[in-house]
Each structure stands twice: as C-alpha cells, then as structure tokens.
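Visitor: quick one, fold the following:
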Amino acid sequence: MRLSLIFLMLILLPVATGVHAWLFCRENLPLLTQEALKRLREAGVSDPVVDVRFFDIAITGEAANPAAREKALAAIRSLVPLRLAPGADRLHVMAGLQARLENENLFLSGWLPEGDEADNVRRILGDLRPDLRIHAKELRSAPEVRWPEGLKLPLTASSPMLKLIVEKLRVPAELHIRAKDDAIVITGLLPATEVKEELVAVLAEVAGARVVDPSALKASPHVLTAPFAKPGALAAFVRRFFELPPPRTFDIGPDGVPRLQGLATRQMESAWLALLRPVTGAAKVDARLTLLPSSYHFPGYQVQTALPPEVLDPIRQAVRLPIVFETGSSRLTPEEQTKLAALAPMLLAAGPALRLVIGAHPDPTGLDSVEKNIGRARAEAVLSFLVEQGVPAGDVSAVVFDPVPAGSPSSALTPGSVEILIK
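Guide: Okay, here's the model as predicted:
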C-alpha cells in the first residue's frame, strides 16, 4: 500500500510542478513584467522593452546617461524572483552633445563613446570659433555609450549631432573701414580669407604714407556668408572710395545696408553706387556724403602746376572772387570784364607753366540739362575773354562743376557763378 502511494506521488509531482509553473506564468509573469517596465521608466529609461521567460528577464532601452543605466540595472536585479542573465542587459546610452554659449565661453556637455571623438569635437568647434574659450569638462565618454544608427564617423561640422550647434555659433558678416589722416583701420568679420586679403592689398595701394591696420579684421568659416563679401567686387569699390582724401568711412553690418561718409562729387557718388550694386544687390545705400563741386575743391588738393609758392599764392588770392552772371545769361557784364582784365597781367606773368581750370557752378534748383548748357557757355565766355587778354589757352580748361545742394558748406556763394582755380 505504501509503495503504491509512493508511486502515485511520484507520478503526481511533475503534474503539480507543471500546474504550478503554468499558474505562475499566467498569474505572476504579467505582473512582474509590468513591475519591471515601471522600474525602468522610473530610472529614466526611454522606450523600455522587457522579455520575461519564466525566471529569466532580458531588458532593452535607452538610458539618459551611465548613472541612469546603473540605477535601472540595480532596480531590475532587485526584482525577485526574476534573474537578469548574462547578455540579457541590452540597455545603452545614446551619444548626445549639448552646448551652452555664455559671452566668449562655450560649455560642452553630454556623453560620447570611448575614442577620439571628444577631441575631434573640440577641434571642429575651435576652428569654427577661434574667438571662443571651449570648456569640455562635462563632455564625457563611457563604453556603454553608442552612436546613433547610421551616423558616419569621424564627426564633421555638418554631422547631425553637430549641425545645430554649428549653426547657432555662426555670426553675421560685417565690415568697417575708417580712413584717417595717419591710418586706415579695418575691423569686422568676413567668411573668406580671400576677401580679407584683397581688401588689405587694395587699401595698402591707396594708403600712401598712412598705416593700414587690419588687426581687428577676422576671416573665419564661423561667419555666415554675406552678399557683400564677394571677391573682386568689394575690393573694386573700396579701392575707388578710399583713394580719395580722408576722413571717410565705409560700414556694412548684418542688415546688409552700406553706409558711406566722406567728401565726394556727384559723379564720384554715382560711380561708387554703380560699384556697390553687384556687391549689395537691392540694398539701399545710406550715403551721408558731403558733396563738393569738383575734386579741385577737396581739402589738401595738391596742385599740378609746377610753380613756386611765392608765384602761386598771390594768384590764389586774386582768383578768390567768383565771376558773376545775370540770371539766365552767359554774357560777361562790364564789371566782371574789368575784374578779369585786372587779373590777366598776373596770369601772364606766371608764364605757360600755369595750369588753370575755369569752372561754372550750376544752380542746384534749376533743370540739370539747362544748367549744364548755360554753365558751359559761361565758363567758355570767361576763357575766351582771358585769351583775348593774352592769357595762353594751352593748359586752361573750361568745365561745369557738379551741382551742390543749396546751404551746403561747399556750395557756391552765388549760384550760377564761375570760379577760377589752379590745377
């Protein structure tokens, strides 16, 4: 009888064990699975996956950092009666990079896989912004960190992980040139070294005895491309604008609007605007220029006449008074003829080396074409009278000066008058 009971128990034991295992899997494994998922989420694991097979558990997911990963593993290992088998830990930390810009300091943080990429990141950003101090104490590496799928190494400025940081670090291009009596100072940021070298070269050509200081002009790939920073075109304008006497300035900032200050004639202004058109496109030029009638009126103009000062100075004094005409007329009045007749002997005494320009000042309020015609007639009338008095016409020219707005410091005292200047 006892033997029969023993045999019966031996037969029923596997059945009881199977029933117990079935009940455990049906009742407890779903609860344990949910508990495992809960613990992983609480540890900061994103997209957790749990695979429970009887007492063995395998986990997959992404932890925020190695510390969060260790916290998640500890939580699973303490989940009795489940067992985390070797190789069943498929938790990883996805590589990530953050940057914080504070004044001239760039702070890097995040996690990268072990290797040389942390140094590579510092090098890329350092080349991009050499003006920044880069702090990478919080940029760390660990064997549990892995690269996003499909990412190509080594990292470059266009890699998805760096692209957003690089774009935030770029700064707009700008250029400022100040021409003074003793120096030409260039400051700003340009996207290409070629443009910087061109500007420095052309300014050195027109600087004369002045010093060209480009120490504050930087060229770097961290500067955003700008329409004005075109090789050739920008240098052509700068050459023409700064070959004239100082003071004068040229500024163009992130808004792309060129700003000019200095002395100019209307013809010069037109030429500069034409040179700026391919540089700035449709941007309107803010030209705050002091207009002069001609280049002969520039302060410090060096005369071409090779005569000693003791000869030229009395002539300068004698020709200061303008030749005045009646409104709408190009005929010399008797008073003006007398003035010119008294001047002729001094001009004759200077000899053929004297070079003169006889210029008419148009009335800025009149019609441009009409004022040009009558102005030329007036200048030629003065020239003809002087020739009749014996003044040689070999190096005397009759011209029409550019109109200057009424009230300007350089406007003619009497609109429509004629002025005699030494070339």
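
Visitor: if we ignore the residues flanking it in sequence, what's nearest Val285?
Guide: Nearest non-adjacent residue to Val285, counting by Cβ to Cβ, 6 or more residues apart in numbering: Pro258, 4.9 Å away. Just so you know, the C-beta spots here come from the backbone N, C-alpha and C atoms, and that holds for glycine as well.

Visitor: and the closest residue to Ser109 other than its chain neighbours, helix, strand or coil?
Guide: Spatially, and ignoring its direct neighbours in sequence, Ser109 is nearest to Glu138 (3.7 Å; Cβ to Cβ, 6+ apart). Following DSSP: H, G, I helix; E, B strand; the rest coil, the label given to Glu138 is strand.

Visitor: do the same with Glu70
Guide: Assigned by three-state DSSP, the conformation of Glu70 is helix.

Visitor: please report the distance of it from Leu97.
Guide: With the distance defined as Cβ to Cβ, to the nearest Å, Glu70 ends up 22 Å from Leu97.

Visitor: those two: which is more packed in?
Guide: Taking other Cβ atoms under 10 Å, Glu70 and Leu97 do not tie; Leu97 has more neighbours (19 against 14).

Visitor: host element of that one?
Guide: If you go by DSSP states H and E, Leu97 is part of strand 96-102.

Visitor: quick check: buried residues in the helix or strand following that strand?
Guide: Elements were assigned by DSSP H and E; along the chain past strand 96-102, the next helix or strand is strand 105-113. Residues of strand 105-113 classed as buried by neighbour count (16 or more other Cβ atoms under 10 Å): Leu106, Phe107, Leu108, Gly110, Trp111, Leu112, Pro113.

Visitor: equivalent analysis for stretch 288-307, please.
Guide: Buried residues in stretch 288-307, counted by 16+ other Cβ under 10 Å: Leu289, Leu291, Leu292, Pro293, Ser294, Tyr296, His297, Leu307.

Visitor: what's the answer for stretch 260-279, then?
Guide: 260-266, 268-269, 272-273, 275-276, 279.

Visitor: same question, stretch 167-177
Guide: Neighbour count says stretch 167-177 has Leu169, Arg170, Ala173, Glu174, Leu175, His176, Ile177 buried, by 16+ other Cβ under 10 Å.

Visitor: could you say which helix or strand holds the fifth one?
Guide: It refers to Leu175. Using DSSP H and E, the secondary-structure element containing Leu175 is strand 174-179.

Visitor: counting by contacts, list what that strand packs against.
Guide: Counting contacts by 3 or more Cβ pairs under 8 Å, 6 or more residues apart in numbering; DSSP states H and E, strand 174-179 is packed against strand 183-190, helix 193-206, helix 233-242, strand 248-252.

Visitor: now the residue nearest to Gly300 when sequence neighbours are not counted, what's its secondary structure?
Guide: Distances taken as Cβ to Cβ, 6+ apart place Pro245 nearest to Gly300, at 5.6 Å, with adjacent residues excluded. With three-state DSSP as the basis, the three-state label of Pro245 is coil.

Visitor: now Ala64, nearest residue through space, not along the chain?
Guide: In space, not counting the residues next to it along the chain, Ala64 is nearest to Gly44; the distance is 4.8 Å by Cβ to Cβ, 6+ apart.

Visitor: run a quick neighbour tally on that neighbour.
Guide: A total of 16 residues lie near Gly44 under the criterion other Cβ under 10 Å.

Visitor: measure it to Glu114 for me?
Guide: 22 Å.

Visitor: next: Lys218.
Guide: When Cβ to Cβ is applied, the distance between Lys218 and Glu114 equals 36 Å.

Visitor: coming back round to it: how about the residue nearest to Gly300, what does it touch?
Guide: With contact taken as Cβ atoms under 8 Å, 6 or more residues apart in numbering, Pro245 is in contact with Leu263, Phe298, Pro299, Gly300.

Visitor: A helix includes the last one, no?
Guide: No - residue state for Gly300 (three-state DSSP) corresponds to coil; a helix is not indicated.

Visitor: quick one: pLDDT of it?
Guide: Per-residue confidence for Gly300 comes out at a pLDDT of 80.

Visitor: now the first one
Guide: On the pLDDT scale, Leu263 is placed at 92.

Visitor: kindly indicate whether it is helix, strand or coil.
Guide: Under three-state DSSP, the three-state class of Leu263 is strand.

Visitor: how close does the nearest residue to it once chain neighbours are set aside get to Ile76?
Guide: Setting aside the residues directly before and after it, Leu263 is nearest to Thr290 in space (Cβ to Cβ, 6+ apart), at 5.2 Å. When Cβ to Cβ is applied, the distance between Thr290 and Ile76 equals 80 Å.

Visitor: same question for Ile134.
Guide: Per Cβ to Cβ, Ile134 is found 38 Å from Ile76.

Visitor: those two: which has the busier surroundings?
Guide: Ile76 (24 against 16).

Visitor: ok so the more buried one is a strand residue?
Guide: No - applying three-state DSSP, one finds Ile76 to be helix, outside a strand.

Visitor: burial measure for the residue nearest to it when sequence neighbours are not counted, as a count.
Guide: Closest residue in space to Ile76, ignoring its immediate chain neighbours: Leu84 at 5.5 Å, by Cβ to Cβ, 6+ apart. Leu84 has 16 neighbouring residues, counting by other Cβ under 10 Å.

Visitor: Val319 too?
Guide: The number of residues packed around Val319, counting by other Cβ under 10 Å, is 19.

Visitor: so what's it up against?
Guide: By Cβ under 8 Å, 6+ apart, Val319 lies in contact with Leu343, Glu419, Ile420, Leu421, Ile422.
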